[in-house]
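**Student:** I would like to see how this sequence folds:
(chains A and B)
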Amino acid sequence: MENSTLISIEALKKHFLTSGGRFTALNGIDLKIGRAEFTGIVGPSGSGKTTLLNIIGSLDSPSEGRAVVLGQSISDLNVKQAALLRRSKLGFIFQSYNLLPVYTVFENVEFPLLLLKLDDSQRRKMVMDSLEWLGLTDKTKSKPAQLSGGECQRVAIARAMVKRPEIVLADEPTANLDAANSHNILKTMVLLNSELQTTFIFATHDDKVISYLKRKISLIDGKVAKDEMINK
Amino acid sequence: MNLLFKLAAKNLIGAGLRTWLNVIVLSFSFLIIIWHKGLLNGWDRQARNDMFNWETGTGQYWQSSYDPYDPFSLSDAHSKIPSTFDTLLSRGEIAPVLIAQGTIYPGGRIQSILIKGIDPEQKVLKLPGSLFLKSDVDLPVLIGSKMAGDNGLKVGDAITIRWRDVHGTFDANEMKVIGIFETNVPSVDAGQVWVPLNKLQKMMGTPGEATILVCGNFDKTGRTTEGWKFKSSEDLLKTVTDIIKMKSVGGIVLYVILMSLAMLAIFDTQVLSIFRRQKEIGTYIALGMTRSQVVGLFTLEGSLNSVLAALLAAVYGIPLLALQAAKGMSFAGAGKSYGLVIADKIFPVYSLGLVVTTIVIIMITTTIVSYLPSRRIAKMKPTEALRGKLQ
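**Tutor:** Okay, the predicted model is just below:
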């Protein structure tokens, strides 16, 4: 079961209408991603990394082809079903952290659990576990504005991991961090990947992130140019 | 809903000064609307009480020819008081009033007036008729303070009065002012003098007759009153009720202006909020909220402004309104100047219904105003929102 397919993508195309006409961001992607992978979609800007990540995260839908995530075809989901999929099975980490500014660290991490309607004690335990993994137990009452960039990203990871999602999607997670913080964050994610068997998928062109990947899928002009397993 | 409520409250409080500015403006609206309505309610109550006490009683029987808006009807508007009222009359529970036209000559001027005859022993109206019983002058009169002021009359003054009796004969006499009463009801004061009923009946040659019968608290059903028509207190108060209604309608303009200011502030805040918080909206959606939940969250945030405003208005408004309800608001001279039934001091009346209705109306309006800009969220692409890109 460890390597069972969680994500299956076939002949996936995504077009956008722009002022200059139709722009093809993804042009026939085929790939499968299994459980507990630590995979990166890499490539230059405009290669379609974020678009692919958004479709896997059910934030966008394919123009052509098929993307099946955890057994659900993204094209067939209505907005409510897509929201439910994100709420229960997917975690997101963003480049600019996207923490909710008026909430404390604890409340930010607790947020996904509130949407899952878990009871108070269960929520509290899961939030504290998550904050402990990320070494943030002393920051529970801080607001995002009081934290450093590295701490903010750790909170974002804690928020993504707190509900124990099957897949975590990280879009340029280290882009706003210095080298030391980037390595700390990546080491934490490697640890979570191995301990919790969570699948991590990155969209990145950061060499620091690439150096931690177990699988690297290179996109160029919306096509998979190379898909390689990296032996560590 | 509970989750949305918690989140909305958190976001709203977290917005700090922006929220409090909206809340302060909205709380002013709450307070001024409630205060203004309370003042009108107080005026309505006072006007009704004064009218009951000084003019209308609990209703009136009018001689069928009587038309208060046509002075020429007065020559025919008098009849024998129906015998069905004899007992009430003897107990002072009905006050017959005979009305005639006359002329006085104050300061060398001619002034047309109404001469009203009233039973000195009646107990229905507050007119101080008992003063007649203590007077031994030939033609004692009572006048209101407005009449006295307008004509420069004071107690003890004697002045010529001329009238025409039922046979068309003019007669004149000297009347003496024996008392000046204070009333908030100009229609028993301005341009009229009160004389004892039997004197006026004698002057007019209409013994035992009256123009109107003012009723006290007795059952009016089943009384034979041929030649008389009954006017309920509501009929008689219609003019004053209409004036107050008109003032209420005028007040709506004030409410609309106040509400527009408050709603504009909330609308602006909502638009700005949605504009500035695109990333946050995208994050909510990415974390698993549906678009309708996010729309609901922003709408709730906006409408919670009215809840906070109601609480704030209660904090500083209750003491202020209570103080004014106790001390009243001065309208000294307004009644006499404008001919309105208005006391020198009006005591506002704030009912629970008034407060609840105002709160509900403001909350509904706020919710609608908050919802309108929030609808845009439903059309947002989460991928664009996450990047904070304008849509």
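
**Student:** so B:Val369 sits against B:Ile266, correct?
**Tutor:** Yes. Distance between B:Val369 and B:Ile266: 5.4 Å, which falls inside the contact criterion (CB atoms under 8 Å). Heads up, the C-betas are built off the backbone N, CA and C, glycines and all.

**Student:** low pLDDT regions in chain B?
**Tutor:** Low-confidence regions of chain B, defined by pLDDT under 70, span residues B:1, B:221-224, B:333-341, B:389-391.

**Student:** so which residues on it come close to chain A?
**Tutor:** If contacts are counted using CB under 8 Å from any CB of the partner chain, the residues of chain B sitting beside chain A are B:3, B:6-7, B:10-11, B:13-15, B:279-280, B:282-283, B:285-291, B:293, B:381-383, B:386.

**Student:** what touches both of B:Val369 and B:Ile266?
**Tutor:** Common neighbours of B:Val369 and B:Ile266, using CB atoms under 8 Å, 6 or more residues apart in numbering or on different chains, are B:Gly302.

**Student:** just how off-centre is the host helix or strand of B:Phe298 within its chain?
**Tutor:** Following DSSP states H and E, one finds B:Phe298 within helix B:291-327. Taking CA atoms, centre = their mean, to the nearest Å, the mean C-alpha location of helix B:291-327 is offset from the chain mean by 27 Å.

**Student:** can you spell out which helices and strands pack onto that helix?
**Tutor:** helix A:79-89, helix B:2-14, helix B:17-51, helix B:238-276, helix B:278-286, helix B:352-378 (3 or more CB pairs under 8 Å, 6 or more residues apart in numbering or on different chains; DSSP states H and E).

**Student:** without its sequence neighbours, what residue ends up closest to the closest residue to chain A within the stretch 151-300 of chain B?
**Tutor:** For the stretch 151-300 of chain B, the residue closest to chain A is B:Gly288, as judged by CB to the nearest CB, at 2.5 Å. Of all residues not flanking B:Gly288 in the chain, A:Arg87 sits nearest, at 2.5 Å (CB to CB, 6 or more residues apart in numbering or on different chains).

**Student:** which residues sit in contact with the one you found?
**Tutor:** A:Arg87 sits next to A:112, A:115-116, B:287-289 when contact means CB under 8 Å, 6+ apart.

**Student:** circling back: quick one, phi/psi of the residue of the stretch 151-300 of chain B closest to chain A?
**Tutor:** Here is the backbone geometry of B:Gly288 (degrees, to the nearest 10): phi 120, psi 10.

**Student:** wait, doesn't it sit right on A:Ser88?
**Tutor:** Yes. Because the distance of 7.2 Å satisfies CB under 8 Å, B:Gly288 is recorded as touching A:Ser88.

**Student:** more neighbours: which of the two?
**Tutor:** Of the pair B:Gly288 and A:Ser88, B:Gly288 is the one with more neighbours under other CB atoms under 10 Å in any protein chain shown, namely 23 against 15.

**Student:** show me what contacts that one?
**Tutor:** A:83-84, A:86-88, A:112, A:115.

**Student:** just the buried ones out of those residues, please.
**Tutor:** Using 16 or more other CB atoms under 10 Å in any protein chain shown as the burial test, the contacts of B:Gly288 include A:83-84, A:86-87, A:112, A:115 as buried.

**Student:** tell me what the helix or strand of chain A with the lowest mean pLDDT is packed against?
**Tutor:** Within chain A, confidence by mean pLDDT, DSSP states H and E is lowest for helix A:179-196 among all helices and strands, at a mean of 90. In terms of contact count using 3+ CB pairs under 8 Å, 6+ apart, helix A:179-196 is assigned the packing partners strand A:38-42, helix A:120-133, helix A:149-161, strand A:199-204, helix A:207-210.

**Student:** between the helix holding B:Phe298 and helix B:17-51, what angle do the directions make?
**Tutor:** Interaxial angle, helix B:291-327 versus helix B:17-51 (axes from the mean of the first three to the mean of the last three CA atoms, to 10 degrees): 40 degrees.

**Student:** and chain B, what are its domains?
**Tutor:** Dividing chain B into domains by automatic domain parsing, as the record does, gives the ranges B:2-53+B:239-386, B:65-226.

**Student:** and those: which comes nearest A:Lys214?
**Tutor:** Ranking those by their distance to A:Lys214 (criterion: CB to CB) puts domain B:2-53+B:239-386 first, at 24.8 Å.

**Student:** burial of the residue lying closest to A:Phe111 once chain neighbours are set aside, as a residue count?
**Tutor:** Distances taken as CB to CB, 6+ apart place B:Leu287 nearest to A:Phe111, at 6.2 Å, with adjacent residues excluded. Other residues lying near B:Leu287 total 23 when counted by other CB under 10 Å.

**Student:** so B:Leu287 touches A:Val109, yeah?
**Tutor:** No. When contacts are counted by CB under 8 Å, B:Leu287 is not listed as touching A:Val109 (11.2 Å).

**Student:** need the overlap of contacts for the two.
**Tutor:** Listed contacts common to B:Leu287 and A:Val109 are A:Arg159; contacts here mean CB under 8 Å, 6+ apart.

**Student:** and chain A, which residues reach chain B?
**Tutor:** Residues of chain A that fall close to chain B, judged by CB under 8 Å from any CB: A:50, A:54, A:57, A:59-60, A:79-80, A:83-84, A:86-88, A:92, A:94, A:96, A:98, A:100-103, A:107, A:111-112, A:114-115, A:117, A:159.

**Student:** rewinding a little: contacting residues for the residue nearest to A:Phe111?
**Tutor:** By CB under 8 Å, 6+ apart, the contact list for B:Leu287 reads A:86-87, A:92, A:111-112, A:115, A:159.

**Student:** and the residue nearest the centre of the chain?
**Tutor:** Let's take chain A. A:Leu169 (1.1 Å; CA atoms, centre = their mean).

**Student:** please go with chain B instead
**Tutor:** Closest to where the C-alpha atoms of chain B average out (CA atoms, centre = their mean) is B:Asp44, at 2.9 Å.

**Student:** end-to-end on stretch B:183-192?
**Tutor:** End-to-end distance for stretch B:183-192, by CA to CA, to the nearest Å: 13 Å.

**Student:** for the helix or strand harbouring A:Ala67, what is the distance to the chain centroid?
**Tutor:** Per DSSP H and E, A:Ala67 falls inside strand A:64-69. When distances are taken as CA atoms, centre = their mean, strand A:64-69 is centred 18 Å away from the chain's centroid.

**Student:** can you list contacts of that strand?
**Tutor:** By CB under 8 Å, 6+ apart, the residues outside strand A:64-69 that reach it are A:6-13, A:15, A:28-29, A:55-56, A:58, A:73-75, A:85, A:90, A:167.

**Student:** can I have the buried ones of these as a PyMOL selection?
**Tutor:** Selection command for PyMOL covering only the buried members of the contacts of strand A:64-69, criterion 16+ other CB under 10 Å:
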select buried, chain A and resi 6+7+8+9+12+15+29+55+56+58+74+85+90+167
